[in-house]
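Peer 1: 3D model of this:
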Amino acid sequence: MSKKLRIIIIALVLLGGGGYGAWWYVWNKPHAKVEDAKGIEVTAQALAKEYTADEKAADAKYLNKAIQVSGTVAETEKNQDGGLMVILQTEDPTAGIQCTMREKNATVNKGQNLTIKGFCSGNGITGVSLTDCIIK
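Peer 2: Here you go, the predicted model:
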């Protein structure tokens, strides 16, 4: 085997190993936790109004970011995974703030005023959605 061929093979092995190492790191890196991020503070009413007025601007401000939303619980329900979903009340009854709670057994009561922190996943048919939520 020529010296040039050995160098090419070694270079390819090193590049392949480096690529695999980078892939493994990205695949196994820890997921972001809402507790570790500083949340943007906003009321449920203000968040709903911003999304109603200009969804693109609201997405630029909130999408995939940790936000801390204060409001009154309009209702609670279970999602298809058995997790707790808390809907915060706004002036528009069809556009509440939907908060999917991390803890399935969190205790939340209708009419309760509270602050929930979670990652904003944007506006949907039934309002703004937050995921991985915790009670502050």
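Peer 1: all helices of this structure, in order?
Peer 2: 3-28, 44-53, 55-62 (DSSP state H).
Peer 1: Comparing the ones you listed, which comes out most buried?
Peer 2: Ranked by mean neighbour count under mean count of other C-beta atoms under 10 Å, these are led by helix 44-53, which reaches a mean of 19. For glycine as for every other residue, the C-beta is placed from the backbone atoms N, C-alpha and C.
Peer 1: who's in contact with L63?
Peer 2: 120-122 (C-beta atoms under 8 Å, 6 or more residues apart in numbering).
Peer 1: swap the cut-off to 6 Å and go again
Peer 2: By C-beta atoms under 6 Å, 6 or more residues apart in numbering, the residues touching L63 are 120, 122.
Peer 1: same thing with E41?
Peer 2: Counted by C-beta under 6 Å, 6+ apart, E41 has contacts Q68.
Peer 1: and what of the one 10 residues further on?
Peer 2: The neighbours of Y51, taking C-beta under 6 Å, 6+ apart as the test, are 58, 123, 128.
Peer 1: one step back: closest to E77 out of the helices of the chain?
Peer 2: E77 lies closest to helix 44-53 among these, at 16.7 Å (C-beta to C-beta).
Peer 1: just the angle between the closest one and helix 55-62, please?
Peer 2: For helix 44-53 against helix 55-62, the angle by axes from the mean of the first three to the mean of the last three C-alpha atoms, to 10 degrees is 130 degrees.
Peer 1: Break the protein into its domains for me.
Peer 2: Following automatic domain parsing, one finds the domains of the chain at 1-30, 34-135.
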